[in-house]
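After the sequence you'll find the predicted model.
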Amino acid sequence: MTKLLKKPLKLALVQLATGADKSVNLSRARSKVIEATSNGANIVVLPECFNSPYGTSFFPKYAETLLPSPPTESQSPTFHALSALAKETKTYIVGGSIPEYWSETKKHYNTSLTFGPDGKLLATHRKVHLFDIDIPGKIRFKESEVLSPGNRVTIVDLPEYGKIAIAICYDIRFPELATIAARKGCFLLLYPGAFNLTTGALHWALQGRARAMDNQVYVGLCSPAQDMEAEYHAWGHSMVVDPNAQVLAETDENEGIVYADLDADKIEEARKGIPLYTQRRFDVYPDISQGDVRYEE
Ligand SMILES: NC(=O)CCC(=O)C(=O)O
């Protein structure tokens, strides 16, 4: 049986302190990615909206143009910064997310760019499920006031390691994306995300562990650091969960880097012990990974 993760790897989640100055955010991200790779990371993940504050009023102001691809330096400084950084460090970089503007449709998206060690763009994930919630007295947030949703499941094949899936924050609450990615052979589900003090305390770790447990894969959740001076208070607590739903590594709310060594045998061991993969009853319910799924591969 071919292993889903072909060889061990070190994953790093950069819980970045972000602020209002895009160029400061980019240079801070650069120094943290260099720190992570100098500590041996093979894949480095940045948080949701790592180049801007998180909030509907900020999305249009910070948005960059990514299409047609590749964009020019002035259309997307972040694209060029991440591509150069991946090449310089010879590392896979999952570039959290950034606000995107597509002039052709005049729409904004919350978009994640993944680059390979040669600096080439490997995948673009536009957040599929927009964060629209209203918990009276606690938090109201409506991404859909400004953003449009993406419409693809994003799977990236990293030749030396295997397949990973990228989705963004609120996407984690929709287990279908995770199930489809796992059934398509991903060993790792990555969610750049910015939960908040209300839902973070309730569901952040639970969601990460649930996606790992249901699918018996590794899961990484990468948040910005908490800033109580900012308009939106991110939960922090970036974490890596293993295929048995155990938290391998986690941080608090402050800026930092979470490292985890992913073991190439762990997924198959978990699946041998609890063989969900051979026990599914597709004669009773459908396999949602089959049929009409839209992929960005
Ligand atoms: N940025 C987001 O999508 C936040 C999602 C969130 O906080 C949640 O509870 O879900």
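Cool, the structure landed.

Give me the neighbour count for residue 117.
Burial measure for residue 117: 18 neighbouring residues, criterion other CB atoms under 10 Å. The way it works is simple: take the backbone N, C-alpha and C, and place the C-beta from them, glycine included.

dump the residue contacts of it.
Taking CB atoms under 8 Å, 6 or more residues apart in numbering, we find residue 117 in contact with 86-87, 89-92.

Would you confirm that it belongs to a helix?
No - according to DSSP: H, G, I helix; E, B strand; the rest coil, the state of residue 117 is coil, so it is not within a helix.

Let the chain start at 28 from now.
Right, with 28 as the first residue, what we last looked at is residue 144.

Can you tell me how far it is from residue 275?
24 Å (CB to CB, to the nearest Å).

what does residue 221 give?
For residue 221 relative to residue 275 (CB to CB), the value is 21 Å.

Neighbour count for the two, which is higher?
Using other CB under 10 Å, the more surrounded residue of residue 221 and residue 275 is residue 221, with 26 against 21.

Just the pLDDT for that one.
As predicted, residue 221 sits at a pLDDT of 98.

OK, contacts around it?
74-76, 81, 196, 250-251, 259, 261-262.

mind running it again at 6 Å?
The contact partners of residue 221, taken as CB atoms under 6 Å, 6 or more residues apart in numbering, are 75, 81, 196, 250-251, 261.

following the strand or helix carrying residue 105, which helix or strand shows up next?
Using DSSP states H and E, residue 105 sits within helix 104-116. Using DSSP H and E, the next helix or strand after helix 104-116 towards the C-terminus is strand 119-121.

Centre of the chain to that next one, how far?
The chain centre lies 10 Å from the centre of strand 119-121; the measure is CA atoms, centre = their mean, to the nearest Å.

Show the pLDDT at whichever residue of the stretch 28-177 of the chain sits closest to the ligand.
For the stretch 28-177 of the chain, the residue closest to the ligand is residue 158, as judged by CB to the nearest ligand atom, at 3.4 Å. Per-residue pLDDT puts residue 158 at 98.

Burial check on it, number of neighbours?
Neighbours of residue 158 using other CB under 10 Å come to 24.

Likewise for the one 10 residues further on?
Here the count is done by other CB under 10 Å, and residue 168 has 19 residues near it.

Please list all residues in contact with it.
Taking CB under 6 Å, 6+ apart, one finds 158, 160 in contact with residue 168.

in what helix or strand does it lie?
Per DSSP H and E: strand 166-169 holds residue 168.

What residues of that strand count as buried?
residue 168 (16 or more other CB atoms under 10 Å).

Just among the contacts of residue 221, which is most surrounded?
In the contacts of residue 221, the most neighbours by other CB under 10 Å go to residue 251, 31 neighbours.

what residues does the stretch 178-324 of the chain put near the ligand?
Contact residues, the stretch 178-324 of the chain versus the ligand (CB under 6 Å from any ligand atom): 196-197, 200, 220-223, 226, 230.

Closest to residue 314 out of those residues?
Residue 314 lies nearest to residue 200 out of these, by CB to CB, at 21.2 Å.

What's opposite residue 323 in the beta bridge?
Residues in a beta bridge with residue 323, per DSSP bridges, are residue 181.

Tell me how many other residues surround it.
15.

can I assume it is in contact with residue 179?
Yes - with contacts counted by CB atoms under 6 Å, residue 323 reaches residue 179, the gap being 4.0 Å.

got the phi/psi numbers for the closest residue to residue 118 other than its chain neighbours?
Spatial nearest neighbour of residue 118, excluding adjacent residues (CB to CB, 6 or more residues apart in numbering): residue 64 at 4.9 Å. Backbone torsions of residue 64, given as degrees, to the nearest 10, read phi -70, psi -30.

ditto for residue 209
Dihedral angles (degrees, to the nearest 10) for residue 209: phi -70, psi -40.

Can you pull the poorly scored residue ranges out of this structure?
28, 324 (pLDDT under 70).

which residues does residue 288 bridge with?
residue 37.

what's the neighbour count on it?
Residues near residue 288, counting by other CB under 10 Å: 13.
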